[in-house]
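S.K.: need the 3D shape of this:
(chains A and B)
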Protein chains: 2
Amino acid sequence: MSVTFAKGFEAAGVVAGISSQTGKQDVALVVNNGPLNAAAGVFTSNRFCAAPVQWSRKQVSDGELKAVILNSGGANACTGEEGYQQTVRTAEAVALMMHVEPSEIAVCSTGLIGELLPLDKVIEGAQKAFDSLDSSAQAGSDAAHAIMTTDTKPKTVNRLGSNEFRIGGMVKGSGMIAPQLATMLCVITTDAVVSAGQLQAALTAAVDRSFNRIDVDGCMSTNDTVLLLASGASGITPDPDEFNGLVADCCSSLARQIIGDGEGASHDIRIRVTGATSEDAALACGRAVAASNLLKCAISGNDPNWGRVVSSLGTVPADVAPYDPNEVSVTINGVRICANGGPDRDRSEVDMTLREIDIDIDLNAGESEACVWTDDLTHEYVHINADYES
Amino acid sequence: MSVTFAKGFEAAGVVAGISSQTGKQDVALVVNNGPLNAAAGVFTSNRFCAAPVQWSRKQVSDGELKAVILNSGGANACTGEEGYQQTVRTAEAVALMMHVEPSEIAVCSTGLIGELLPLDKVIEGAQKAFDSLDSSAQAGSDAAHAIMTTDTKPKTVNRLGSNEFRIGGMVKGSGMIAPQLATMLCVITTDAVVSAGQLQAALTAAVDRSFNRIDVDGCMSTNDTVLLLASGASGITPDPDEFNGLVADCCSSLARQIIGDGEGASHDIRIRVTGATSEDAALACGRAVAASNLLKCAISGNDPNWGRVVSSLGTVPADVAPYDPNEVSVTINGVRICANGGPDRDRSEVDMTLREIDIDIDLNAGESEACVWTDDLTHEYVHINADYES
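M.R.: Reported below is the predicted structural model:
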């Protein structure tokens, strides 16, 4: 269902010939038919942010968007003034079709960095998408397919709130995934009646605990964009806590799907750090472990190598995360193989045949905890990223 | 030649049956016959530092060492009090053979984390090494072989100073290499007449610009140890600047050799950042680029992907390294393929068949620069680290 699950939205995904994969859908359009056109966005903090990020960040700042045009097959990042003009032209073209202002159109691009887009194809694709706009489940699915790059499957989410207001969303992301934030394009739609301010607060909080806590390869993208659009078409004004909770739930689901489709991954790795003196301390420890190539290789080899867990943990400065190395325990898939900083049960007891590997680290220093997700590092990851060219 | 190049030193490398590779030399001994026994050391900052690191850091703190006993085949890290006692027993055994105090013996271990050593084998190996101590080039070479783990070749260095004082050294290190410091065991010897204070100053400065500027996989070890021993046997008191320079040169050579033997590497990558506002800013940018798995995969695929250079650069906060993304240029193997933050010459002009890939990043923001080294990320790296078991 994706972005068309919520009432008041139409979408499309079409083949525009931008992607190097012949016949792949590569332009998506999501239109908000209102009555509201409230919007919020969260963007990459990368200083080399792409032209579409520069544009969309500006346009969403007034809390209003009528549509989002997205393309795969090219990131339009590091393309200078000419690239920025391509984004402007794209927004202008869509605005003209819709009889609205360009400032009401967000633009998202994903693909190779450093090359201009084939602008004619993008605009033809936008027209084709506009002509096939639909509120059907199929249209939502097409849009979710059109934004994929190295993703092996579309990633969507639907949630139903009280009185039947709806939230739906789609995301793409597989590699170049790192906190602040995960690399991806994400559009979430709702037919609830909510203000732009509420949307932004809900989205910022949700992203912080979802997309900002997954790490496929420690690499931050130039194009990350998460947009949340509200049509108000349900006429329902939701309870703020319920709404925030559902948005958080949608983001968590989509983030989890990204990990499940991490480039070349054979295991999804959940790292939970407990017993920390603060959530920030727990998070710093979790991120350090999630960033370890050595651990990620060990997991891909089905080796529950707790030595690589603690050696990563040991790189976190004591002022960031106070703990005593001699008090730390590590449990993998339920088997505590490290206690008091040394060996405990035998590593051979750990069942590594599961897709999901749960690493529980107890710092025994406090009451706070945090959870981060990553993937294992496989031959396939190297293959994909040594040969990727769009 | 390695550690026996300098006069006053004897060494040995023997097969003790600790390593899982049958017949591999796995115990090395380096003895300083004086007349001086000045020593300095630099150790890992990992909070889970191994028992031998805890022991050796303490023993070198008075600036005196008579010998270093080293083993591969087991790191003796995260092994608790029992592991620490193994280190003490090893030092005591060597001290007994040499008729000196245990506090004059440094211990170094490398291999799998989280398992106790076969102590009997270590001590038998130490005795065997003691019995075969020799000042020959072969003995130095044997020692350099005995400390190897996933290294594919021994790494040694020899330098001759004015009036023929000598410096020689050996290092092991291939994976788990990251700044602060590179993962390895390193012993450097000199027959110059220098005080422990001079040695420590020379070593700390040298390590900061060598081992602390290489990054194979971003993973910090629990066992890193660099020791510098002076016998004074040449009778020559060197010019301090010359001596410091030669120690720095030895460390740079050994660090460069580690990169040249990085696990599974097919390319050595030199990243030089110029035009920075400070050396620290340049270093932060260089480290961010060196840590990018995506870039390292691209290089292994012979793709001069400057988009992955700038997207890594863009993660460095502006207060750490002030620069304007629109002013940045990237040159790979002499071809400037990114200028003013956008495309310049075509990437197909870059010759990627060379083993060494030179990435020159000009921030155009100041006069400072720094250089860091890394390796590409290959199938072979994943293979080695998915299957490594000691």
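S.K.: surely A:Cys371 forms part of a strand?
M.R.: Yes: counting by DSSP: H, G, I helix; E, B strand; the rest coil, A:Cys371 is found in a strand.
S.K.: that one contacts A:Ala276, correct?
M.R.: No: look at A:Cys371 against A:Ala276 with Cβ atoms under 8 Å: they stay out of range, at 11.6 Å. The C-beta positions use only the backbone N, C-alpha and C, and glycine is treated the same way.
S.K.: who has more neighbours, those two?
M.R.: A:Ala276 (26 against 16; other Cβ atoms under 10 Å in any protein chain shown).
S.K.: the more buried one contacts A:Asp362, correct?
M.R.: No: under the criterion of Cβ under 8 Å, A:Ala276 lies out of contact with A:Asp362, with a separation of 9.2 Å.
S.K.: what residues are up against the residue in the stretch 1-150 of chain A that chain B sits nearest to?
M.R.: Closest approach between the stretch 1-150 of chain A and chain B, counting by Cβ to the nearest Cβ: A:Ile113, at 2.6 Å. A:Ile113 makes contacts with A:Ala50, A:Ala75, A:Ala77, A:Cys78, A:Thr222, B:Asn305, B:Trp306, B:Gly307, B:Arg308, B:Val310, B:Ser311, as judged by Cβ atoms under 8 Å, 6 or more residues apart in numbering or on different chains.
S.K.: among those, who's most crowded?
M.R.: B:Ser311 leads the contacts of A:Ile113 on contacts (other Cβ under 10 Å) with 33 neighbours.
S.K.: may I have the phi/psi pair for that residue?
M.R.: Dihedral angles of B:Ser311 (phi, psi; degrees, to the nearest 10) stand at phi -70, psi -30.
S.K.: measure it to chain A for me?
M.R.: 5 Å (Cβ to the nearest Cβ, to the nearest Å).
S.K.: what parts of the stretch 251-390 of chain A come near chain B?
M.R.: Residues of the stretch 251-390 of chain A lying close to chain B (Cβ under 8 Å from any Cβ of the partner chain) are A:291-294, A:297-298, A:300-301, A:303, A:305-308, A:310-316, A:318, A:325-326, A:338, A:340-343, A:377-379, A:381-389.
S.K.: just the buried ones from those?
M.R.: In these, burial by neighbour count holds for A:291-294, A:297-298, A:300-301, A:303, A:305-308, A:310-316, A:325, A:338, A:340-343, A:377-379, A:381-386, A:388, counting by 16 or more other Cβ atoms under 10 Å in any protein chain shown.
S.K.: out of those residues, which sit inside strands?
M.R.: Members of those lying in strands (criterion: DSSP state E): A:Cys338, A:Gly342, A:Pro343.
S.K.: got a list of contacts for stretch A:275-283?
M.R.: Stretch A:275-283 is contacted from outside by A:213, A:273-274, A:285, A:320-323, A:362-370, A:372, using Cβ under 8 Å, 6+ apart.
S.K.: could I get the buried residue list for stretch A:327-339?
M.R.: Buried-residue list, stretch A:327-339, by 16+ other Cβ under 10 Å: A:Val328, A:Ser329, A:Val330, A:Thr331, A:Ile332, A:Asn333, A:Val335, A:Arg336, A:Ile337, A:Cys338, A:Ala339.
S.K.: pretty sure the last one contacts A:Asn326?
M.R.: When you say that, I think you mean A:Ala339. No: look at A:Ala339 against A:Asn326 with Cβ under 8 Å: they stay out of range, at 10.1 Å.
S.K.: quick one: distance of the host helix or strand of A:Lys58 to the chain centre.
M.R.: A:Lys58 belongs to helix A:51-60 when assigned by DSSP states H and E. The chain centroid and the centroid of helix A:51-60 are separated by 18 Å under Cα atoms, centre = their mean, to the nearest Å.
S.K.: quickly check: that helix near chain B or not.
M.R.: No: judged by Cβ under 8 Å from any Cβ, helix A:51-60 makes no contact with chain B; its nearest approach is 10.3 Å.
S.K.: so which bits of that helix are buried?
M.R.: Buried, per 16+ other Cβ under 10 Å, within helix A:51-60: A:Ala51, A:Pro52, A:Val53, A:Trp55, A:Ser56, A:Arg57, A:Gln59, A:Val60.
S.K.: wait, the second one sits on A:Cys108?
M.R.: Spelled out, it's A:Pro52. Yes: assessed by Cβ under 8 Å, A:Pro52 is found in contact with A:Cys108 at 5.5 Å.
S.K.: ok, back up a step: next step: the contacts of A:Ile113 restricted to helices.
M.R.: Filtering these for membership in helices, criterion DSSP state H, returns B:Trp306, B:Gly307, B:Arg308, B:Val310, B:Ser311.
S.K.: now the residues you listed as CSV including pLDDT?
M.R.: Output for the ones in helices among the contacts of A:Ile113, formatted as CSV (pLDDT from 0 to 100):
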residue, pLDDT
B:Trp306, 90
B:Gly307, 86
B:Arg308, 85
B:Val310, 89
B:Ser311, 84
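S.K.: surely A:Ser292 meets A:Arg308?
M.R.: Yes: under the criterion of Cβ under 8 Å, A:Ser292 makes contact with A:Arg308 at 5.8 Å.
S.K.: where do the strands sit along the stretch 201-350 of chain A?
M.R.: Using DSSP state E, counting those that start in this stretch, the strands of the stretch 201-350 of chain A run over A:214-215, A:225-230, A:268-276, A:329-332, A:335-339, A:342-343.
S.K.: turn the ones you listed into a markdown table, columns for distance to B:Glu349 and mean pLDDT.
M.R.: Below are those laid out as a markdown table (distance: least, Cβ to Cβ, whole Å; pLDDT from 0 to 100):
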| stretch | distance to B:Glu349 | mean pLDDT |
| --- | --- | --- |
| strand A:214-215 | 34 | 72 |
| strand A:225-230 | 33 | 88 |
| strand A:268-276 | 40 | 95 |
| strand A:329-332 | 48 | 96 |
| strand A:335-339 | 51 | 94 |
| strand A:342-343 | 54 | 88 |
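S.K.: out of these, which gets nearest to B:Leu133?
M.R.: strand A:342-343 (33.9 Å; Cβ to Cβ).
S.K.: name the helices or strands packed onto the closest one?
M.R.: Packing contacts for strand A:342-343, counted by 3 or more Cβ pairs under 8 Å, 6 or more residues apart in numbering or on different chains; DSSP states H and E, involve helix B:80-98.
S.K.: residues from the stretch 1-150 of chain A in reach of chain B?
M.R.: Neighbours of chain B within the stretch 1-150 of chain A, by Cβ under 8 Å from any Cβ: A:45-49, A:75, A:77-80, A:82-83, A:112-116.
S.K.: among those residues, which ones are buried?
M.R.: Buried by 16+ other Cβ under 10 Å: A:46-49, A:75, A:77-79, A:83, A:112-116, out of those.
S.K.: any stretches of the stretch 201-350 of chain A with poor pLDDT?
M.R.: A:215-222 (pLDDT under 70).
S.K.: before we move on, back to that, out of the buried residues of stretch A:327-339, which one sits closest to B:Leu185?
M.R.: A:Cys338 (23.8 Å).
S.K.: OK, contacts around that closest one?
M.R.: Taking Cβ under 8 Å, 6+ apart, we find A:Cys338 in contact with A:Trp306, A:Val309, A:Val310, A:Val328, A:Ser329, A:Val330, A:Asp344, B:Cys78, B:Gly114.
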